[in-house]
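S.K.: Provide a 3D model corresponding to the input given below.
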Amino acid sequence: MLLNILNKLNNLDVLNSFIGVNKKLDRLARDITFTQSINLVTTLSNEHHNSILDRFCLLILQRIQHNIQCLTLDSLSVERVLRIGNYSKLHKLSLVNLPIEMVCRIFNGMLSIFLIFK
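M.R.: Reported below is the predicted structural model:
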């Protein structure tokens, strides 16, 4: 029943709420159901962005990075999140509202690769 309730919530909310609480909830939250697709754009308002992003980057990302297949980032999270993780299963990276200059700087001039997949 708890799993059905958690499936109705945003993945980041589940991870932020249950990772580190206790072993059973931690294991449940780290399930592929909640870790394969992470969206750091729609879930983070400017007001709570820094504290949630800090917790995500410092405590959560290292525990789930091997499960992430789809990652959606904005200009406030992209550099930090991409530097931290080793995303071995990542096959979709969505960048939302990033200035082209930031994309060029982050990906070191590899812009043509991203334009092909657009």
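S.K.: Please report how far Phe56 lies from Met102.
M.R.: 20 Å (C-beta to C-beta, to the nearest Å). (C-beta placed from N, C-alpha, C; glycine too.)
S.K.: cool, Leu25 as well?
M.R.: From Leu25 to Met102 the distance is 36 Å (C-beta to C-beta).
S.K.: about what we covered before: neighbour-wise, which of Phe56 and Met102 wins?
M.R.: Of the pair Phe56 and Met102, Phe56 is the one with more neighbours under other C-beta atoms under 10 Å, namely 23 against 14.
S.K.: Ser17 is in contact with the more buried one, correct?
M.R.: No - using C-beta atoms under 8 Å, Phe56 makes no contact with Ser17, being 11.9 Å away.
S.K.: For Leu73, pull up the helix or strand it's in.
M.R.: strand 70-74 (DSSP states H and E).
S.K.: Run through who's touching whichever helix or strand comes after that strand.
M.R.: Per DSSP H and E, the first helix or strand lying C-terminal to strand 70-74 is helix 78-84. Outside helix 78-84, the residues that touch it by C-beta atoms under 8 Å, 6 or more residues apart in numbering are 40, 53, 56-57, 61-62, 65, 71, 73, 95, 98, 102, 106.
S.K.: one step back: list the buried residues for the strand holding Leu73?
M.R.: Going by neighbour count (16 or more other C-beta atoms under 10 Å), the buried part of strand 70-74 is 71-74.
S.K.: Now do the helices in the chain.
M.R.: Applying DSSP state H to the chain gives helices spanning 2-7, 11-18, 23-29, 32-35, 46-55, 61-64, 78-84, 100-106, 111-116.
S.K.: Select, out of those helices, the one closest to Leu90.
M.R.: helix 78-84 (9.9 Å; C-beta to C-beta).
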